[in-house]
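# just a sequence and a predicted model for now, questions to come.
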Amino acid sequence: MKSKVEQDQISKIYTKSVCLLLSTIVELKNVNKKAWEKALRSAGTEGTLFQSSYWADYLKTVYKDQPIFIASLNRKGDIQALLLAIESCYAKHPTFNATTKRHILFSHLYKNALLPIFQKMLPYIVWENGPIILPNFRDKPEKVAMYRDIIQKIIQKAKEERCYSLAFVRPAFFSDQPSLLSSLDFEKKRMGTILVNLKQPLDVLRKQVDRKDRNKFEKTEKRMQIERVRNKADLRLLYYMHLENQRRSNRTIRPFSLYSSLWDYFSPKDKIEGFVAYYDGRLVGSILYLNHNLKAHLYALGDSDFARLNRVPVLGALFWHTIKYTRERAFEYLDLSGIELHKIDAGESKALGIFRFKSKFGGQLVEYHDYRKTLRSSKTVNILNCFLSEGEGRHN
């Protein structure tokens, strides 16, 4: 006669085994986009643009990347869990988005001669905000097994495609599995985002901002004229602020063609929004975000040299304006993105400054990891890394 503890353990193992037998992890070669988007909508906070069929189509159309749709299906064919991964290749996005004369010349060589070679020799797989376990399975014991099986499926796919790595792998909000991924030989570094809950009353959101900062942002907002980006001419004004900001910060400058391609694809679908700000008639700042399923994701932010020199808190005023604007349109969350916790751990002051600034708006710090798994070591990659950028996650 087995004890109650032994019976409970056997019951759990049996239940888990039956559930796994009733589900199948598959690659969807001809994905039903309506079913995919329906499942993604049901995922709540975790159902972001970067796991959507829209993001897959954008990367395939503009960069010729290959989307990979992985799903856990029940016996009826319904999606229980999902992952959108992207097969790209070494240095494709940084090279396509080159801006300096030297890099533009190399870009022509890359596109015309090196790209076919790199696609064959140095492909890798990347994803963001996945895998996603749908809500009715998140509290069940088989969740971790389902998550692991999806990861193992994409590892198998990567090996079949002779990828040298899975890189810039970022999990869904609130669903990081560091122990599981470490057990599968993924390396990790700490990352995070600030997630502003827009479902709160505006006065609650307002009180979450420090009074001194709040008064400063609101005073500046009243003096500013903030205009929506409506066309390519407005988009170029937004881009000018990006240029000034990136040059001043000595960061990689993305070309206008990147913003233009995003606008051309997502604007007709109402999935991109931008603002430019004027202060006493002078262009001083801009903000651009992408959106899907009532979630907005900060994509670019910039202020002018004039604003910085005269200490005009344009960025804070633009953030506060965006919070109010998205909330009025019934958005649920604003993802401020880009918190490099591993750099803060290493004592980098710039990363700490960005974190402190984005933390001023009453959002929640969501910690996760940026993962990487090397499938085959490549001396070629090690050499190329001395001269080229492999990629950089969402904007790789």
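Here it is on my side, so go on. Numbers count the residues shown, from 1 in each chain.
# ramachandran angles for Pro171?
Note on Pro171: its backbone torsions stand at phi -80, psi 170 [degrees, to the nearest 10].
# which residue packs closest to it, ignoring adjacent ones?
Tyr368 (5.3 Å; Cβ to Cβ, 6 or more residues apart in numbering). For the C-beta atoms, the positions are set from N, CA and C on the backbone; glycine is no exception.
# likewise Leu49?
Counting by Cβ to Cβ, 6+ apart, Leu49 lies nearest to His292, which is 3.6 Å off, once chain neighbours are set aside.
# quick one on the thing from earlier: partner strands of the helix or strand encompassing the residue nearest to Pro171, parallel or antiparallel?
The secondary structure element spanning Tyr368 is strand 364-374 (assigned by DSSP states H and E). The pairing partners recorded for strand 364-374 under DSSP bridges are strand 165-170 (antiparallel), strand 187-197 (antiparallel).
# got the contact list for it?
Applying Cβ atoms under 8 Å, 6 or more residues apart in numbering, the set of residues contacting strand 364-374 from outside is 155, 164-171, 173-174, 176, 178, 181, 184-197, 339, 341-342, 359, 393.
# low-confidence ranges, the stretch 1-150 of the chain, go.
1-23, 91, 94-111 (pLDDT under 70).
# mind listing the strands for it?
All strands of the stretch 1-150 of the chain, identified by DSSP state E, counting those that start in this stretch, fall at 24-27, 66-73, 79-89, 123-128, 132-133.
# reformat those as CSV; add distance to Ile323 and mean neighbour count.
Written out in CSV, the entries for the strands of the stretch 1-150 of the chain read as follows (distance: least, Cβ to Cβ, whole Å; neighbours: other Cβ atoms under 10 Å):
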stretch, distance to Ile323, mean neighbour count
strand 24-27, 39, 16
strand 66-73, 32, 21
strand 79-89, 28, 23
strand 123-128, 23, 24
strand 132-133, 25, 26
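# any chance of those strands in TSV, plus distance to His297?
Formatted as TSV, these follow (distance: least, Cβ to Cβ, whole Å):
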stretch	distance to His297
strand 24-27	26
strand 66-73	18
strand 79-89	15
strand 123-128	10
strand 132-133	16
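# picking that back up, tell me the bridge partners for the residue nearest to Pro171.
The partner residues for Tyr368, given DSSP bridges, come to Met191.
# number of residues surrounding it?
Using other Cβ atoms under 10 Å, Tyr368 has 22 other residues around it.
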